[in-house]
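Asker: only geometry, no sequence info:
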């Protein structure tokens, strides 16, 4: 069984103490750092870019999981790979030639991921599922941290898990949006193996370290 991974979403961190927040993630047992890159066009919010990814690379040994919620992602693949991204995920909605972009990401030495908005059917990924290293299912509308989990996305995770298993794919199946101690087991049961978490980790009353430990304990109980 593939190890279940926890990927705190750094966009929910306190940027005034970013190095400390990253160190707390690492010491508490995070597996990846997830980075939401938003351009104000594909989604309304503007967040960070390659320079931020590069700064985080200097602050951690954790793999950087870069999620491009941007138009024309093909223009920026080299910049994010050069900044230290270990995986780069693009949206099916922004990529007219998705196989070409997947192959470009791999040629840059990164894991190649694909994701889709909640309203986009899982079938939109069929042509590239044999090519990708990672599939990301959004369980909120992309663009804002702190949204409520969309339970109807459980079925989409199950559908994609079945497709990946039919292909005997080793790709990760990642979920992002409203992931907490209550919702993580639902997505795990549906077939996810990487869990992005923002508020549940970084907004925990006892700090990010305790937030991650709580989720890590949920995962540990599920692995028994």
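Answerer: All right, it came through fine. From a predicted model like this one, the values you see are computed outputs, not experimental measurements.
Asker: End to end on stretch 191-211, go ahead and measure it.
Answerer: 23 Å (Cα to Cα, to the nearest Å).
Asker: Centre of the chain to that stretch, how far?
Answerer: In terms of Cα atoms, centre = their mean, to the nearest Å, the centre of stretch 191-211 is set 13 Å apart from its chain centre.
Asker: do stretch 86-96 as well
Answerer: 12 Å.
Asker: How about stretch 200-219?
Answerer: Chain-centre distance of stretch 200-219: 17 Å, with Cα atoms, centre = their mean.
Asker: Same question for stretch 122-130.
Answerer: 18 Å.
Asker: do the same with stretch 24-39
Answerer: With Cα atoms, centre = their mean, you get 9 Å for stretch 24-39.
Asker: same check, this time on stretch 153-166
Answerer: 17 Å.
Asker: Buried ones in stretch 103-120, by neighbour count?
Answerer: 104-105, 110-117 (16 or more other Cβ atoms under 10 Å). Every residue, glycine included, has its C-beta placed from N, CA and C.
Asker: quick one: terminal-to-terminal distance for it?
Answerer: Note: stretch 103-120 ends 22 Å apart using Cα to Cα.
Asker: quick check, distance from that stretch to the centre of its chain.
Answerer: 11 Å.
Asker: again, but for stretch 117-137
Answerer: On Cα atoms, centre = their mean, the centre of stretch 117-137 falls 13 Å from that of its chain.
Asker: Tell me which residues of that stretch come out buried.
Answerer: Going by 16+ other Cβ under 10 Å, stretch 117-137 has these buried residues: 117, 122, 125, 128-129, 131-137.
Asker: Ends of that stretch, what's the gap?
Answerer: 8 Å.
Asker: cool, and stretch 3-18?
Answerer: Start-to-end, stretch 3-18 (Cα to Cα) is 27 Å.
Asker: quick one: average pLDDT of it?
Answerer: Across stretch 3-18, pLDDT averages out at 94.
Asker: ok, residue 120 - contacts?
Answerer: 92-93 (Cβ atoms under 8 Å, 6 or more residues apart in numbering).
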